[in-house]
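1. Following is a predicted model, sequence given first.
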Amino acid sequence: MDRRDFLKTSALAAAAALLDWEDALAAGRHSAAVGKPLKPWKKGEFQVHFIYTGVAESLFLIFPDGTSMLLDCGDLNALARGEKAVPVLPHPGKLASEWIARYVERVNPAGKHVDYMMLSHYHCDHGGTEKFHAGKLQRGGGDYFLSGFSHAAEFLDFDKAIDRCWPTYDDPIPLLDDSTMLLTHMRKFYDYMSKERGMAIEKFRLGATDQIIPLKGACPGFSVRNICANGRIAYPDGSIRDLYAERKKSHPERLNENGMSLGMVFSYGPFRFYTAGDFSDNWQLEDGSIFQIEDAMAEVCGPADVAKINHHGCFSMPEKLVSALQSRVWVSCVWSQSHNAAPTLARLSDRNLYPGDRIVCPGIFPARRREKDGKRSFMSDIRRESYEGSHLVLTVPKGGKRYSITYLSAADESMEVKSVLDFKTTVKP
């Protein structure tokens, strides 16, 4: 053994000494996965796929029994954003909704059949738009545009939709259309899917734990709690707080759609996952202070091992909410250079808010942002695998005592594994 081999062996031994035997075995398994296609979902696993397109937000969830849910499926003309755009992957020759549907077919144990679909709120980056589409058809006696969920439904079969304000579209006030909204688009979609394809539609029940459930078999320890909707939050004891009660008096015609987002906490044994769309808003109170609705969310969410960052990390996640979630892993869906703003990342990285290691996993952290923020302390919490664009897969094995984050190449449809990180679930207070 020469000096170089000796130093290499010593370094490996030192690294191994920092790991317990379970972590060492897991690291070995995961290193063998790199460079190969993602292995199929296994019964008993809870998976969340954060699908990167560079255009919009979309999560695909597989429950431990194989029940599936597509949470958001947006489309917009991202390239028109110019310098604010991020790479559209695999390429802009197809709409994001088609790339999303193709991804779902590859990983879904039921192929084209998806049990639940859910629009977190009425913004086009989450559900599509009539202004940017793959085609215009004549359905139901009028124009029908293929964008977002309506385009994905040309490839997938949705069994049930869960919506924040169907069928009257007036909770908490009548919904309106504008350049970012999609009321007309979603109404046409729901009408067509219910009448012609038999899709059931339900209104999201705030506070419920029995609406989003496994449909294919028993899943001991798995549950979904609905924690926010239509500007309200639900406490564990069943009580409801209307965050916009006073705003509805002073601004009765328009409320921030982001604050209407649907949110849930998924539990699997001791493991917790938090997601709440773009839940964010703030306004000035009579005493001059600023009310952050995310501060109220901190009262109902509880700690979560993995949390999706609200509003793409765009001036969201105040200190109180970060301190409440205390997440080991933060994930965000990105379609703009302005996402994961530096003040947000600084709060997520702040060890004064809660102690311990953490990682931040944006779908992409592009070169322009790295050049701008490269010397900021939060950069050490961002994995390099996120730099060029990745799908991210959260996998929680049966029992929920461990979980992993897998980075997949988004440059093509190979599903090639770039990296796998393994974690132990924390004990919640």
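-> Everything's here; your move. Numbering: from 1, shown residues only.
2. can you list the weak-confidence ranges in the chain?
-> Low-confidence segments of the chain, defined by pLDDT under 70: 1-30, 252.
3. And stretch 301-309, end to end?
-> 13 Å (C-alpha to C-alpha, to the nearest Å).
4. contacting residues around the spatially closest residue to A208 that is not a sequence neighbour?
-> Leaving aside its sequence neighbours, A208 sits nearest to N226 (C-beta to C-beta, 6 or more residues apart in numbering; 4.9 Å). Where you see a C-beta, it was placed from the backbone N, CA and C, and this is true even at glycine. Neighbour list for N226: 204-209, 211-212, 234, 262-264 [criterion: C-beta atoms under 8 Å, 6 or more residues apart in numbering].
5. go again using 7 Å as the cut-off
-> Contacts for N226 (C-beta atoms under 7 Å, 6 or more residues apart in numbering) come out as 204-208, 211, 234, 264.
6. Give me the buried subset of these.
-> With burial judged by 16 or more other C-beta atoms under 10 Å, the buried subset of these is 204, 206-208, 211, 234, 264.
7. wait, which of those is closest to K39?
-> Using C-beta to C-beta, M264 comes nearest to K39 of the buried ones among the contacts of N226, at 26.4 Å.
8. How far off centre is the helix or strand hosting the closest one?
-> Applying DSSP states H and E as the criterion places M264 in strand 263-268. The chain centre lies 12 Å from the centre of strand 263-268; the measure is C-alpha atoms, centre = their mean, to the nearest Å.
9. same deal with stretch 166-183?
-> On C-alpha atoms, centre = their mean, the centre of stretch 166-183 falls 22 Å from that of its chain.
10. what sits up against it?
-> For stretch 166-183, contacts defined as C-beta under 7 Å, 6+ apart pick out 122-124, 127-129, 165, 184, 190, 201, 203, 230-231, 244, 248, 252, 255, 257.
11. For that stretch, buried residues please.
-> Judged by neighbour count using 16+ other C-beta under 10 Å, the buried positions of stretch 166-183 are 166, 169, 171-173, 175, 181-182.
12. what's the first-to-last distance across it?
-> 10 Å.
13. any chance of the contacts of N226 in JSON lines, plus secondary structure and distance to V322?
-> Below are the contacts of N226 laid out as JSON lines (DSSP: H, G, I helix; E, B strand; the rest coil; distance: C-beta to C-beta, whole Å):
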{"residue": "F204", "secondary structure": "coil", "distance to V322": "25"}
{"residue": "R205", "secondary structure": "coil", "distance to V322": "28"}
{"residue": "L206", "secondary structure": "coil", "distance to V322": "23"}
{"residue": "G207", "secondary structure": "coil", "distance to V322": "24"}
{"residue": "A208", "secondary structure": "coil", "distance to V322": "26"}
{"residue": "Q211", "secondary structure": "coil", "distance to V322": "28"}
{"residue": "A234", "secondary structure": "strand", "distance to V322": "21"}
{"residue": "M264", "secondary structure": "strand", "distance to V322": "19"}
